[in-house]
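Participant: A predicted structure for the sequence below; I have some questions about it.
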Amino acid sequence: MGKLEALQKKIDQIADKVRNLRYMLIMLMSGIIGTIFGISQNKIIDNLIVNTFLFIGTICSIAIGILIQTEEKKRNKLINELEEIQKD
């Protein structure tokens, strides 16, 4: 049962990592949306610094989205491996 338990533990670790990445993505997206809303309501001055933060936030959001997909593929691969081990 050592390999079975190790795979389950890895799957749980990846699930925790994906959950944290999703929280980070939600945080970034809400910040970007809030900033855009502030600009549209003339509460935030649209200047180079704000635009730079929006650009960096967008790039980080895309990178986190790619990381989430990569980790989910790893998790699915491990789940399939776990199912094959349990069949034997």
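Facilitator: Thanks, I have the structure now. What you see is a predicted model, and the numbers here were worked out from it, not measured in a lab.
Participant: buried set for stretch 25-41?
Facilitator: For stretch 25-41, burial by neighbour count (16 or more other CB atoms under 10 Å) applies to 25, 28, 32, 35, 39. C-beta: built from backbone N, CA, C; applies to glycine.
Participant: how near is the most centrally placed residue in the chain to residue 64?
Facilitator: Among the residues of the chain, the one closest to the centroid is residue 21, at 3.2 Å (CA atoms, centre = their mean). Distance, residue 21 to residue 64, by CB to CB, to the nearest Å: 6 Å.
Participant: Low-confidence stretches in the protein?
Facilitator: Within the chain, the stretches with pLDDT under 70 are 1, 88.
Participant: Would you state the helices of it in chain order?
Facilitator: Remark: helices assigned in the chain by DSSP state H are 2-40, 48-87.
Participant: and the last one, what does it pack onto?
Facilitator: The one in question is helix 48-87. helix 2-40 (3 or more CB pairs under 8 Å, 6 or more residues apart in numbering; DSSP states H and E).
Participant: now the helix it packs on, how far from the chain's geometric center?
Facilitator: Averaging C-alpha positions (CA atoms, centre = their mean, to the nearest Å) puts helix 2-40 4 Å from its chain's average.
Participant: Which neighbouring elements make contact with that helix?
Facilitator: Using 3+ CB pairs under 8 Å, 6+ apart: helix 2-40 touches helix 48-87.
Participant: buried sites along the helix it packs on?
Facilitator: So, applying 16+ other CB under 10 Å, buried residues of helix 48-87: 54, 57, 61, 64, 68, 71, 75, 78, 82.
Participant: List just the nearest of those to residue 3.
Facilitator: residue 82 (9.2 Å; CB to CB).
Participant: Surely that closest one touches residue 11?
Facilitator: Yes - using CB atoms under 8 Å, residue 82 is in contact with residue 11, at 7.0 Å.
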